[in-house]
Structure formats: structure tokens, C-alpha cells
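In: model the structure of this input:
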Amino acid sequence: MHDQLSQIADRLAIQDVLVRYSAAIDTKNFALLDEVFTADGIGDYTASGGIRGSLGEIKQWLERALSIFTVVQHLVTNISVDLHGDEASSTCYLFNPLGYPRDDGSVEMLWVGAVYRDRFVRTPRGWRIRERVIEPQYLEGKLPGA
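Out: Numbers count the residues shown, from 1 in each chain. Have a look, this model is predicted:
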């Protein structure tokens with residue numbers, strides 16, 4: 001029974017990290033990513049036109065890439081977690097509405113769907129993402145400048 005409770009606690013802690021990532025991005029509080037990734041964590045956004053980089057590089061890139069958007073919402077669902085002692089892997093779906101201002105003051109919306117594939121490690125400060133890879137599924141809408 002203790003083992004089952006421990007696994008449930010680990011799964012919930014990992015889900016909390018996934019939600020914390022979304023909160024960091026949606027509020028543009030990129031410093032919060034220090035509580036999401038390991039210090040040597042890697043993010044791979046190349047499949048969606050971004051970078052593969054270290055935590056510092058990811059934070060700088062996300063800040064630049066999201067600066068135009070006034071609507072930023074990351075919704076994660078269909079979370080699957082595989083625990084392996086002090087390591088874990090997870091897959092979750094992403095629905096990501098993004099909006100940016102049009103010249104007339106209205107908002108142009110983009111609808112993005114993707115899958116996040118993450119590798120986690122348990123640290124003294126809790127579960128953290130060691131590597132995140134995004135796999136885009138669809139993009140509906142007009143990109144800024146297109």
C-alpha cells in the first residue's frame with residue numbers, strides 16, 4: 001500500500017510540474033522555469049521552429065518568441081507518466097491558443113496542438129524536467145508577419 005501511495009504522490013508531483021510550466025509560460029514569468037527544469041535541463045522546440053537549448057537559452061528564447069502575444073494559454077491534458085525509481089517519462093497533449101494584436105486593435109488567434117515528451121528526474125527539490133521535446137500536431141491561423 002505504501003508503494004502505491006508513493007507512486008500516486010510522484011504522479012501528482014509530476015503533474016504539478018507540468019502545470020507549473022504552463023503557468024510560467026502563460027504569465028511570462030520565465031524565472032519560474034527554474035522550478036520546472038533541472039539546472040542542466042534541455043528543451044527541444046526545433047520541430048516547431050524553435051531552438052534546442054539549455055535552461056538559460058530556453059528562457060531567453062521563450063521570452064523573445066512570446067513577446068508579441070497578448071493571449072497565451074497552455075492547456076495540458078491526457079497526461080501519461082511512467083515511473084522508473086528516481087526517473088520518469090511523461091507524455092501529454094498540449095492545446096495552445098495564442099493571440100496577437102492586429103492593426104485595427106482586434107486580436108488575431110492561432111490554435112496550436114502538440115505533444116510534449118518529457119524525461120524527469122527526482123531532485124532534492126522535487127521532480128524536474130531533464131529534457132522536454134515538443135511534437136507539433138497542428139497550427140490553425142495566421143502567424144505574425146505572414
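
In: please count neighbours and contacts with C-alpha atoms only from this point.
Out: Will do.

In: quick one: the closest residue to Leu139 other than its chain neighbours from Trp127, how far?
Out: Excluding its sequence neighbours, the residue lying closest to Leu139 (CA to CA, 6 or more residues apart in numbering) is Val112, at 4.6 Å. Distance from Val112 to Trp127, counting by CA to CA, to the nearest Å: 27 Å.

In: these two: which is more packed in?
Out: Trp127 (24 against 17; other CA atoms under 10 Å).

In: check what pLDDT the more buried one gets.
Out: pLDDT recorded at Trp127 is 98.

In: which elements pack onto the helix ranked longest in the chain?
Out: With secondary structure taken from DSSP state H, the chain has its longest helix at helix 2-26. For helix 2-26, the packing partners by 3 or more CA pairs under 8 Å, 6 or more residues apart in numbering; DSSP states H and E come out as strand 75-84, strand 126-140.

In: what's the closest of those strands to Ala31?
Out: strand 126-140 (14.4 Å; CA to CA).

In: ok, Ile58 touching Gly41?
Out: No: at 9.5 Å, Ile58 does not count as touching Gly41 under the criterion of CA atoms under 8 Å.
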